[in-house]
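Trainee: Let me see the structure of the following:
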Amino acid sequence: MTYSESIEWIYSTQSFGVKLGLDAPAELLAQSLAYPNGDTKVIHVAGTNGKGSTCALIDSVARAHGLRSGLFTSPHLIDFRERFRVYGEMISEAETARYLTEIRELVCEWEHHPTFFEIALALGMKFFRDKEVELIILETGMGGRLDATTAVPADVCVLTPIAMDHSQYLGNTLAEIAGEKAGIIISGSPVISAVQDRAASRVIAERANKMRAPLTLVKGPVEVYGVGLAGAHQRENAALALEALQQLGVDMRYDSVKDGLRNVQWPGRFEITSENPLTVIDGAHNPHAAEILVRTWKEQYGEVKPVVIFGAIECKDISGVLAHLIEIAEKVIFTPIDSPKSIHYEDLDEVTKNVRDKLLPSSSISDALSIAKDLDMPILVTGSIYMLGEYKSLISKACHYPTSQ
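Mentor: Got it, this is the predicted structure:
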């Protein structure tokens, strides 16, 4: 397959939906010969918020120490290849086409076809193996216990803050969701956890105890070093990252840590995309993330109010997110996402009626930007990560492939 044909093929596999479980990805990894070499270390990161940033911080500090690292994250913003990086560089189009062609030939006659995410994981692991990386950083897709990434044995497990999200898959209480996230903990491997709600903390401690896995609770943010990502919460993510590398046995050097934290790049996390007008993009797909975003905006811009461009998909706590965003928003332009799961202005229920006086409808991200610019104030683009991808595609004039996975 050519690159464009391979991308078309893997996007077609979204029709197989989301299937939680480890047997299928384990079989695909085995038959693809994609498991890591015996001397390759693996750090596995789960949680509700801050997973991607923590992975990026681990990767950046590891590279600053000279480690050849492989980074697997999801979803991507614009380009599918963003999910796979070795030593900071995305996989090439030619490599992507080659690996996807091999996987398609392998699974074409399987009775149970692998999902989009399972194929992406197999691609990434093959890529990392062939590049002979020393360290793999894996971000879970959803949950943990039955997430495809958990089929890869980890040397260190990291749990970022856990909050309510994906309840249709993970459970209706924080304890249930924490149980799914803590499912990445395996026998004997160190566990690093952020400070959690009491219910989540208890579940994590019980799982670690059962698996005889040493648990370290990271109670405070990084204080000595600067962090190249905005927001006090990123200093807490940085503390998780440093502890994970220490537990892995990396010989941490002050200058390398300093450079790694300062030079980290993670698009879409309080990223300034324009100075005139000031435009910031950041994901806020659940109330906890929205609360952090509001706090970060106030840290950076005080009482300045932006016009918020917001879009979300089904099964999200829209009213909970908006309840936080209206603290800083002059107006909220509600915008549909290019996805069959998108929430539209007309779909908003009565729970949002208390913020209706600040809500404006729009037909698309380009329409929302036109409305926002007419209001002549700073712009904050937020909500689903897919909304951020649409926005970045628009301003960069890049081809946008909508994905729900």
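
Trainee: what are the ranges of the strands in the stretch 301-405 of the chain?
Mentor: Ranges of strands in the stretch 301-405 of the chain, per DSSP state E, counting those that start in this stretch, are 307-311, 331-334, 359-361, 379-383.

Trainee: repeat for the stretch 1-150 of the chain
Mentor: For the stretch 1-150 of the chain, the strands defined by DSSP E, counting those that start in this stretch occupy 41-46, 69-72, 84-86, 89-90, 135-139.

Trainee: nearest to Gln168, of those strands?
Mentor: Closest to Gln168 of the strands of the stretch 1-150 of the chain, according to CB to CB: strand 41-46, at 17.9 Å. Using the backbone N, CA and C atoms, a C-beta is placed for each residue, glycine as well.

Trainee: who touches the nearest residue to Ser6 once chain neighbours are set aside in this structure?
Mentor: Counting by CB to CB, 6 or more residues apart in numbering, Ser6 lies nearest to Leu100, which is 3.9 Å off, once chain neighbours are set aside. Leu100 makes contact with Met1, Ser6, Ile7, Trp9, Ile10, Ile119, Leu123 under the criterion CB atoms under 8 Å, 6 or more residues apart in numbering.

Trainee: and the closest residue to the last one other than its chain neighbours, how many neighbours?
Mentor: Distances taken as CB to CB, 6+ apart place Tyr99 nearest to Leu123, at 4.6 Å, with adjacent residues excluded. Counted with other CB atoms under 10 Å, residues neighbouring Tyr99 total 23.

Trainee: same thing with Ala213?
Mentor: Using other CB under 10 Å, Ala213 is surrounded by 18 other residues.

Trainee: I'd like to know how far the closest residue to Trp266 other than its chain neighbours sits from Glu299.
Mentor: Spatial nearest neighbour of Trp266, chain neighbours left out: Ala56 (4.1 Å); criterion: CB to CB, 6+ apart. Distance check for Ala56 against Glu299: by CB to CB, to the nearest Å, it reads 20 Å.

Trainee: how about the strands of the stretch 1-150 of the chain, which one is nearest Pro161?
Mentor: That would be, of the strands of the stretch 1-150 of the chain and by CB to CB, strand 41-46, which comes in at 10.9 Å.

Trainee: of the contacts of Leu100, closest to Ala329?
Mentor: Closest approach to Ala329 among these (CB to CB): Ile7, at 36.1 Å.

Trainee: Read off the pLDDT value for the closest one.
Mentor: On the pLDDT scale, Ile7 is placed at 96.

Trainee: Three-state assignment for Ala244, please.
Mentor: Applying DSSP: H, G, I helix; E, B strand; the rest coil to Ala244 yields a three-state assignment of helix.

Trainee: What residues does Ser74 make contact with?
Mentor: Here Ser74 is in contact with Arg83, Phe117, Ala120, Glu139, Gly141, Gln405 (criterion: CB under 8 Å, 6+ apart).

Trainee: quick one: it and Arg253, what's the gap?
Mentor: Going from Ser74 to Arg253 by CB to CB gives 31 Å.

Trainee: re the thing from before, now tabulate the strands of the stretch 1-150 of the chain in a markdown table and tack on mean neighbour count and mean pLDDT.
Mentor: What follows is these, written out as a markdown table (neighbours: other CB atoms under 10 Å; pLDDT from 0 to 100):
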| stretch | mean neighbour count | mean pLDDT |
| --- | --- | --- |
| strand 41-46 | 26 | 98 |
| strand 69-72 | 26 | 98 |
| strand 84-86 | 24 | 98 |
| strand 89-90 | 14 | 97 |
| strand 135-139 | 26 | 98 |
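
Trainee: closest to Pro277 out of these?
Mentor: When the strands of the stretch 1-150 of the chain are ranked by distance to Pro277, counting by CB to CB, first place goes to strand 89-90 at 29.9 Å.

Trainee: What are the contacting residues of the closest one?
Mentor: Applying CB under 8 Å, 6+ apart, the external contacts of strand 89-90 come out as Asp79, Arg81, Glu82, Phe84.

Trainee: what's the nearest residue to the third one if we skip its chain neighbours?
Mentor: When you say that, I think you mean Glu82. Nearest in space to Glu82, with sequence neighbours left out and distances taken as CB to CB, 6+ apart, is His76 at 3.9 Å.

Trainee: again with the last one
Mentor: The shortest distance from Phe84 to any residue that is not its chain neighbour, by CB to CB, 6+ apart, is 4.2 Å, and that residue is Ile91.
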